[in-house]
Structure formats: C-alpha cells, structure tokens
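Visitor: Have a look; sequence and predicted model below, questions after that.
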Amino acid sequence: AFTFAGQKEGTTAEIGSENDTYTVDAVAEWNADLTAIAPVVTISNAATVAPESGDVQNFTTPVTYTVTAEDGTTTHAYTVTIINDPDACINPSTVSISNITNNSATASWAQAYTETSYLVKVSTEAMTDMTATADVFDGTVEATTKELEGLTANTQYFVYVQSDCDDAEGWTSTNFTTLCEAVAEFPWTENFNSLTSGIPSCWDNSEGTTTTDSYKWNYYAAGHEGACVRFNSYNNSNDKTNMLKSAFMDLTELTSAKLEFWYKNPTGGDFSVYVSTDGGATYTDNVIATGLTSVTNWTNAIYDISSYCGNSNVVIVFKGTSNYGYGDAYIYLDDVTVREPYSSAEIVDFNFPTRMADPEINSGNATVTAIASYQADFATLAEGVTISEGAAIVETDATVNENVKTFEYTVTAENGTTKDWRVTVTKAESASTETDIVAFSFVGQVGESAIDPVEHTVTAYAEWDFDLENNDITPTIEVSPMATISND
C-alpha cells in the first residue's frame, strides 16, 4: 500500500506490474505540495524499502522506490508518480475591483487552478439565489478580467465569480461603489440644508487623525442659513485633524472660477482650505487659505481658484485641526459655492442724506440722475454707492456747476471688466412741501400699517394679547424726504 497526507479524498494508489515494470500512481489534492510528501509505504513481511517509508520526497517528478525481499537479492524497483487532482474545480480566492469611475470599473481575479473560463454575475443588489439572473451582467468570461461599463454613478454593485467547470461550489464575491458624477454645471452650491445627520452624499470625511466619528465634520442644525457642518475642536484631542472633501468637480469648461463659503471659528484650532486636482488623493501643495481662526461671527470668504480650471477631477478640501479648545471651540462651514466670477459692473443705488427720491438709473447709458434737497450742501455731500456683487468702484472725478454736482466712477466687475458711469445730482428748485408718513411699524405689530395720505391717518394692528394700555409703543416712522415729525 502507498498512502500520504494530502492524498485526494476517496482515492487509493494504483500499484501495478507488467513485464517486470512496477508502478505506483496516486492522486493528491489539487493544492497539495508535491515538493514535500512523506509517504507511508507498506511492503511484504521482512522486506525493506529505499527510500524508507516516511522519508520526505519531492514528487514533482517520479520517484523510484526499491523493495528488497528478505533473501536480500530479490528486488523490485517501483516508479512512484503523484499528480495533483486534474479534475478539481476551484474558484478564485478573491475578486478585486480597480479603475473605478462614475460609470465603469474593472473586476479581476487570479486563476485558481487549471480553469480557463468563469461564470460572472454583476448585480445592484446582494444575491442569495445564485440561479437567478443578475441585473447588470450574467454570463461566461474566458479571461481573468471583466470590464464593467455603463454603470450608474454613486451606486453600489455586487460582483460574483465562479470557475466554469464541473463540481464548482460556491461563489467568490466582492462589492464596490462607483464614483459620484462630477459637478460640471456652475454656479454650484452645497448649503447642507437637506442634511439631518452626517455629511452630503459624494462628500468624504474619512481622512485625518480624528477617530471619533462625532468629532469629525458633521451636520449641525444652526448654520449661516439653515443647517451647516462643523468640526469638533472642543472635545477632540489637541492636534487631531479631519479633512472634509467636496464632491468631484469638472472645471474643464471654465477659464476662471471663484470658491466662496461662509464660516466661523470662534475658539477652535486651525482651519485651512486646499484644492486637489486628483480627486482628493493629494492636495497639500495647493493651499487656498490657512489660519482661519478667531472668527466669532459668520464670515464670507471668496478665493480665486482660476489656476485649477481645465482640470476634470477637482475636489475642495477643508481641514480642521483640533486645539482641545474652550468655549465655542468648533469650526463651522456653510454655503460652499464654486462659480464663475461675476461679470456685472452696475451701479444699483446711489444714496445720500438729502436725496429726495429714488435715483433714475440707466444701465445702457451708464448714467444715474438724482434730486437733492434745495438746501443740500454739495461741499459736504456724503454719497453712498451700491454696486454689483463682487465689484469694486473708484471715483475718478467730481465737479460742481451751480446747482448740479457730477460724479465720474469706474466700476470693475469681479471678472475684471470695467464700466464708466456718470452720476448727476441736481438740487431741487424749492423746499419740499410733502408732509406724508410713508411707513409706520412697531414691535408687536401684526401685518402692515394702512396709511391714508388724504385723510392723514395710520391704522395698525397689534398682537391679540398685546396690552395697549400698559405698554408704551415706540414706533419706527418714515416720513417724506427732508420732512420732520413731532408727537403733539
């Protein structure tokens, strides 16, 4: 008899002799190591064998065993051949996923044994009945890779692989999630108002040395407008970090761009902002801002990120660093926007203390006309100019000609385009005779006041439980330009 550890279960070695040729043929398990087998050789009584039973031998090639009878002269040489099970059907041990995009991925595996084709199933749901047809792909693959195309962004997929041979058992599986669809339409804003916990879909807060999930960037109800996210620098150990990474953005169609967000950081640690052009993998060399600390109130921040236009895999990285601080030691973030620079260079209002009415603004002609009180002093006229968002203004000239003062301005839009404006302020010919109350309001009021300029009456309503007898009302009253009011 001839046996060994790793012999295929249910088989016995075949010992044969023909024409003075002696053989032993045995089958090992498919994964048995043929280089180190110590067979147990059972021989005739009083006979001997060489090599000895139990000696470790390398059976990657046949090994000769010589059996010598008790008489010491009679010998038989047995050629012993051991092969791994040629009929084994073995599944790959693992399935790997690589080259993941928002609509494709590559599934790959290594050949487990001798198989050359595989059954592959790809589904959007975990499968328990493997006789069912998978909804994404279900078929035979004669390779060790399968390109998965036409997938849906930000979707989980389940991949199952089985060797296509007799007696295959079970399936080797894995799962993955496709990347999010890159943001490609701008302006784009994330205001966090749809959150009730965590962070937005397609954002990531897994990187950093902060290990407690609740200390990482997470939903907070009281933001700049609605909800926001914040980083815990209060309970978090000193110097612990967490990176909040935005959704992917495709800036290939933009030639210039602005990053805008609202934040506050009353007593927390360092708050820094970076840009990544490889989906968030690297970013530390692309510093946008750092040291955003000691900011008690919500503050608007705007940065030029035009140098990153042309890249298709841009991610904004917000880094919080804990100082194990005191008081309101949290870093708050809200209303993150990426947009093109504003192109408007308009004057939208022109105001001064003695203005008699709203100005007339002609954008086409780039002119503004306004009427001042006949008592206005042009020498001390303090004008206030409201311009387009993001724009800047420079007064280039101001002249007075009797009752007319003319201002010249250059307004520069955020994107650099300019527009030259002329503002003309003319004094009224006489003092105004208007004595109207144009607005009337007070704390506890319900609705708007009804003002009758003919009957000279104002009717207003207070809350139902407002005590009119014992509560002094201090109304806010707006009257005609240059008029005064007294309480008789």
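Guide: That came through fine.

Visitor: From residue 24, how far off is residue 70?
Guide: Residue 70 sits 21 Å away from residue 24, going by CB to CB, to the nearest Å. All C-beta spots, glycine's among them, are computed from the backbone N, C-alpha and C.

Visitor: Looking at these two, which is more packed in?
Guide: Remark: of residue 70 and residue 24, residue 24 carries more neighbours, 20 against 11, as counted by other CB atoms under 10 Å.

Visitor: Assign a three-state SS to the more buried one, would you?
Guide: Classification of residue 24 by DSSP: H, G, I helix; E, B strand; the rest coil places it in strand.

Visitor: For burial, what's the neighbour tally of residue 360?
Guide: 12.

Visitor: Tell me the pLDDT of residue 382.
Guide: Per-residue confidence (pLDDT) for residue 382: 88.

Visitor: Tell me who's in contact with the closest residue to it other than its chain neighbours.
Guide: Among residues not flanking residue 382 along the chain, residue 352 sits closest, at 6.1 Å (CB to CB, 6 or more residues apart in numbering). With contact taken as CB atoms under 8 Å, 6 or more residues apart in numbering, residue 352 is in contact with 370, 372, 376, 381, 382, 383, 384, 425.

Visitor: So which of the residues you listed is the closest to residue 176?
Guide: residue 384 (58.0 Å; CB to CB).

Visitor: Could I get the contacting residues of that closest one?
Guide: Counted by CB under 8 Å, 6+ apart, residue 384 has contacts 349, 350, 351, 352.

Visitor: Among those, name the ones in helices.
Guide: Members of the contacts of residue 384 lying in helices (criterion: DSSP state H): none.

Visitor: Any of the residues you listed buried? List them.
Guide: 350, 352 (16 or more other CB atoms under 10 Å).

Visitor: can the contacts of residue 384 go into a markdown table with extra columns for distance to residue 338?
Guide: Output for those, formatted as a markdown table (distance: CB to CB, whole Å):
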| residue | distance to residue 338 |
| --- | --- |
| 349 | 29 |
| 350 | 32 |
| 351 | 33 |
| 352 | 37 |
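
Visitor: What is the nearest of the contacts of residue 384 to residue 53?
Guide: residue 349 (105.3 Å).

Visitor: ok, for the closest one, nearest residue in space, not its chain neighbours?
Guide: What sits nearest to residue 349 in space, not counting adjacent residues and going by CB to CB, 6+ apart, is residue 386, at 3.9 Å.

Visitor: Can you tell me the SS state at the residue in the chain sticking out farthest from the centre?
Guide: The C-alpha centroid of the chain is most remote from residue 71, which lies 84.7 Å away (CA atoms, centre = their mean). The assignment at residue 71 comes out as coil when based on three-state DSSP.

Visitor: Distance-wise, check it relative to residue 48.
Guide: 11 Å.

Visitor: and of the contacts of residue 352, the nearest to residue 301?
Guide: Once CB to CB is applied, the member of the contacts of residue 352 that ends up nearest residue 301 is residue 384, at 24.8 Å.

Visitor: Pairing-wise in the sheet, spell out the partners of that closest one.
Guide: residue 351 (DSSP bridges).
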